[in-house]
Every structure is written in structure tokens, then in C-alpha cells.
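Asks: can't give you the sequence, but here's the structure:
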């Protein structure tokens, strides 16, 4: 479609283009975009109002909750709860499932989110983002059940993220390619800026926190030396959305491995790894935990952590090769 097409018009056109698309969650996507606009507005004036800084409590993962973490979580909850498309919500910031209140109509989807990725960068004005995922519910009762959320990534019907940087972008997939929309603050609309995004099969960037080198396995160390030998450039922001977004557009690999201190890594399967894996695969990329395709991993718990290797397909499979050869020889 023509660049500059509004998100609403694009969604309608996509439904007509793919007869198999139900269109049931078009309203849900519109609500996500609305939440993104609200958050973007607040982020852009964060230095002027009292939403930055530590809130004085910790989340389920033992991490300090920033005021903006709490704010973004509440924005998504308020905006999405009454859409009539959801039966439940799970968030990185909440211990358990949130049931849609009885006074609101219930839908056939569940929504999962990392409402604010990159919290450590809030106070230094580095790009942050929101990651989301939508699944069709499996249960039939009036309440959402754990089985609705504990599904492999391949069952996602939609995944995406918002990135709040020099501009605000919404990037999403419903299984028909990856498309990016940039917010025009002058008219308050997300406009098509990147249609049919595809990652190069090989990239020139590797993204990993090298301060943890001493904690890495032999396979990780060997692959990073290989990447340097290929003259890949190190680029690491420390905000997953920002690092992934750059590599999505330019090609490259992002790695957050398990190590001696955190053998299962620190990223969450349901809120971060699986949604971005869906986007990566739809953009001709690939994601895994170093051994298994991320989209095939069936979660065992709501806040399960996994190592993450994601980006250009050749690069990720090359990293898997080093992991297999050195860390898990047959």
C-alpha cells in the first residue's frame, strides 16, 4: 500500500486481501495503538512530570518497579479491558492472570505484554518500548484459564511492539508479514512507514552484553569470536526493543544467553521472546534458545525465562552451531 496510509485503513485492506483473516481483533489492534499514543505522549514529557524514577516496590521478578512501568501497565489495562475482545490479560508486571471484569463483554482472545521494556534506560532518555502478544483462548468457561496463556509461540495470532524513541513506531504481524507504522504527532495517527519488512539473511551487527563474558559458555565465546572475525560490528543498547528493532531493519543477531549466574537467561518467554520470535520469522529471520526454535517452546509457567538468540536466520543458526558443537557435543 501507499506509504502514509493510516493504520486503520491498512488493517481493513489487509482483511480484504486475506480472506482467511477473521478481522475479529482489528478493534483490539486499534486499542493497542491508542494505548501507544497515550504512553508516547507521557514519555515525551517524562522529564516534566512526576512519572520517572523508582516507585518503591518490586515486581514478581524482584526488579524495582519504575513509575513509568506502573503507568504503562495501567494504560494498557484500562484501554484494552473494555474492548470486548479479551477474556484475560497477563503482564510481566503482574503476579497472576487478570480476569476481564464481569461488567465488560468477554472475547475469545488473551493478551500478554511487557508494558515497558528497557526500564533501566528510562532516566537517561534512551529508546524504550512495549511488547505484546495475542492468543486465541483454549478454554470455554466465563474466566480465562492458565492453559489460555501457556501456549507455544506458533499459536500466536498477533504479536508486535511499540518503540518510543526519536519517533514512536508500532510494528506488528498477524502472520501475513511484518509492517511498521510511525506516529505523526501532528495528526495523532500511525502512518504506514515500513511495509513487508524483511531481515537480511546475514547481518553486520551482533548485540550482546560483553561485560558478562566471563560467565559465558564456551559456545557463546566461540561464536562471538567468529562474529568478530566476520567483521560484525558490536551494537548493544540494553533495551531489547531498541536492539531488536535496529537488527530487524538492518540485519544482525541479538543474544541474551544463559550463563553461570542465570542458566535460563533473564528474558521472559511469553512477554518478550515468543512475540519477537513471531515477528522475526515473519520477517524471514529466526529465533531460538540456542537449541530449539523459540516458536516451538511450550511454556510451563507464566513468567518462564529463556535464553534468546534472535535475528538474521543465517547468523542465529551459526550461533546454534557453535552452541551444539562446543556446549552440547553429541
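Replies: Great, that's in hand. Keep in mind the model is a prediction, meaning the values are calculated, not measured.
Asks: so where's the stretch 1-150 of the chain uncertain?
Replies: Counting by pLDDT under 70, the low-confidence segments of the stretch 1-150 of the chain come to 20-24, 46-66, 123.
Asks: Please tell me I have it right and residue 307 contacts residue 258.
Replies: Yes - using C-beta atoms under 8 Å as the test, residue 307 is close enough to residue 258 to be in contact (4.3 Å). Using the backbone N, CA and C atoms, a C-beta is placed for each residue, glycine as well.
Asks: Mind checking which of these two has more residues around it?
Replies: Neighbour tally, residue 307 and residue 258, criterion other C-beta atoms under 10 Å: the higher count belongs to residue 307, 24 against 20.
Asks: Distance check, the more buried one against residue 235.
Replies: Taking C-beta to C-beta, to the nearest Å as the measure, residue 307 and residue 235 are separated by 19 Å.
Asks: Residue 6 too?
Replies: According to C-beta to C-beta, residue 6 stands 32 Å off from residue 235.
Asks: coming back round to it: anything in contact with each of residue 307 and residue 258?
Replies: Here residue 307 and residue 258 share the contacting residues 264-265, 290, scored by C-beta atoms under 8 Å, 6 or more residues apart in numbering.
Asks: where does the most centrally placed residue in the chain land in three-state SS?
Replies: Of all residues in the chain, the one closest to the mean position by C-alpha atoms, centre = their mean is residue 131, 3.6 Å from it. The three-state label given to residue 131 by DSSP: H, G, I helix; E, B strand; the rest coil is strand.
Asks: That one: what's it in contact with?
Replies: Contacts for residue 131 were tallied using C-beta under 8 Å, 6+ apart; they are 113-114, 117, 160-161, 240-241, 271-272, 275-276.
Asks: Quick check: of these, which lies closest to residue 87?
Replies: Comparing the contacts of residue 131 against residue 87 with C-beta to C-beta picks out residue 113 as the nearest, at 15.1 Å.
Asks: Across the sheet, point out what pairs with the closest one.
Replies: Listed beta-bridge partners, residue 113: residue 91, residue 132 (assigned using DSSP bridges).
Asks: neighbours around it, how many?
Replies: When neighbours are counted by other C-beta under 10 Å, residue 113 registers 29.
Asks: ok, it touching residue 271?
Replies: Yes - when contacts are counted by C-beta under 8 Å, residue 113 is listed as touching residue 271 (6.3 Å).
Asks: Tell me the residues that contact both of these two, please.
Replies: With C-beta under 8 Å, 6+ apart, residue 113 and residue 271 have common neighbours 90-92, 131, 133.
Asks: Which pair in the residues you listed has the greatest spatial separation?
Replies: Taking C-beta to C-beta as the measure, those span a maximum distance of 12.4 Å, between 90 and 131.
Asks: if I look at residue 139, how far off is residue 270?
Replies: Applying C-beta to C-beta, one obtains 17 Å for the distance of residue 139 from residue 270.
Asks: With neighbour numbers in mind, choose between those two.
Replies: Between residue 139 and residue 270, counting by other C-beta under 10 Å, residue 270 is the more crowded of the two (25 against 14).
Asks: State whether that one is indeed within a strand.
Replies: No - when classified by three-state DSSP, residue 270 is found to be helix rather than part of a strand.
Asks: Residues touching the strand or helix carrying residue 206, excluding its own?
Replies: When secondary structure is defined using DSSP states H and E, the element that contains residue 206 is strand 205-207. By C-beta under 8 Å, 6+ apart, the list of residues contacting strand 205-207 from outside reads 224, 227, 232-237, 243, 246-247, 250-255, 311, 315.
Asks: can we see that at 10 Å?
Replies: When contacts are taken as C-beta atoms under 10 Å, 6 or more residues apart in numbering, the neighbours of strand 205-207 outside the stretch itself are 223-224, 226-228, 230, 232-238, 240, 242-244, 246-247, 250-256, 310-312, 315, 319.
Asks: Now the buried members of these.
Replies: Of all these considered here, the ones buried according to neighbour count by 16 or more other C-beta atoms under 10 Å are 223-224, 226-227, 232, 235-237, 240, 242-244, 246-247, 250-256, 310-312, 315, 319.
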